[in-house]
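S.K.: Here you go, sequence then predicted model.
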Amino acid sequence: MVWDFSTPGIPEELFIRDERVPITKEEVRVIALSKARLREGYRVIDLGCGTGSISIEAALQVGRDGKVYAVDRDATAVMLTRENVKRFNASNVEVIHADGREFMSGIPDESMDTIFIGGAGGEMYDMVKISYNKLKQGRRMVIDTILIESMYSALDALKELGAKDIDITEVIVAKGKMLSIGTMLTARNPVLIITVEK
């Protein structure tokens, strides 16, 4: 088994990767998963799944009775997610090569327990509005973005929807790098995590 722990936070080096496809970094992923408040048996969508790191971690938390739909419109991302699903034996993940908005239009309203939005391809406003309607009452959507414009688009959509329980967290992580003279901290891009409960 590649990851034999119940805690989230699979190191990035354990995933099959490609420089052209983004991965949600370990520390950011752990916080995003904690914001989602997953339970066994939940049905989850990961829009803009990239390498599939969120999908796989979510799959481990929702268990065999749960289901994760990993969606991306990029063929390389879909290929990587499929490889990582096999690597981690995440049999409850279905990988879907599709545009997020098109995929979401086929999902019944109020049928999903959790939705992650990790990539919206410049269509954050529409993606948030569509996704919010697919959530069951009392369930959560978690949006990760590095772009300020995407944050504003997401918040505008949530305000228009009348969403009340909105949490915004900025995550800034620095990783230690060993040098011959000592240890240096190298900062990673800040990430904004927006969580909303319907």
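M.R.: Thanks, I have it. Residues are numbered from 1 along each chain as shown.

S.K.: What strand or helix carries the nearest residue to residue 125 once chain neighbours are set aside?
M.R.: Among residues not flanking residue 125 along the chain, residue 153 sits closest, at 4.2 Å (C-beta to C-beta, 6 or more residues apart in numbering). Bear in mind the C-beta positions are built from the backbone N, C-alpha and C, glycine included. Per DSSP states H and E: residue 153 is located in helix 148-161.

S.K.: and what of residue 169?
M.R.: Counting by DSSP H and E, residue 169 is found in strand 165-171.

S.K.: and if you look at residue 183?
M.R.: Under the criterion of DSSP H and E, residue 183 resides in strand 182-187.

S.K.: The protein: strands as residue ranges?
M.R.: 43-47, 67-72, 93-97, 112-117, 135-145, 165-171, 174-179, 182-187, 191-197 (DSSP state E).

S.K.: what's the first one packed up against?
M.R.: What that stands for is strand 43-47. helix 53-62, strand 67-72, helix 100-105, strand 112-117, helix 124-134 (3 or more C-beta pairs under 8 Å, 6 or more residues apart in numbering; DSSP states H and E).

S.K.: got the contact list for the second one?
M.R.: Under the criterion C-beta atoms under 8 Å, 6 or more residues apart in numbering, residues 43-50, 52, 55, 58-59, 62, 78, 81, 85, 90, 92-98, 100, 103, 119 lie in contact with strand 67-72.

S.K.: Quick check: bridge partners of residue 115?
M.R.: For residue 115, the beta-bridge partners under DSSP bridges are residue 45, residue 141.
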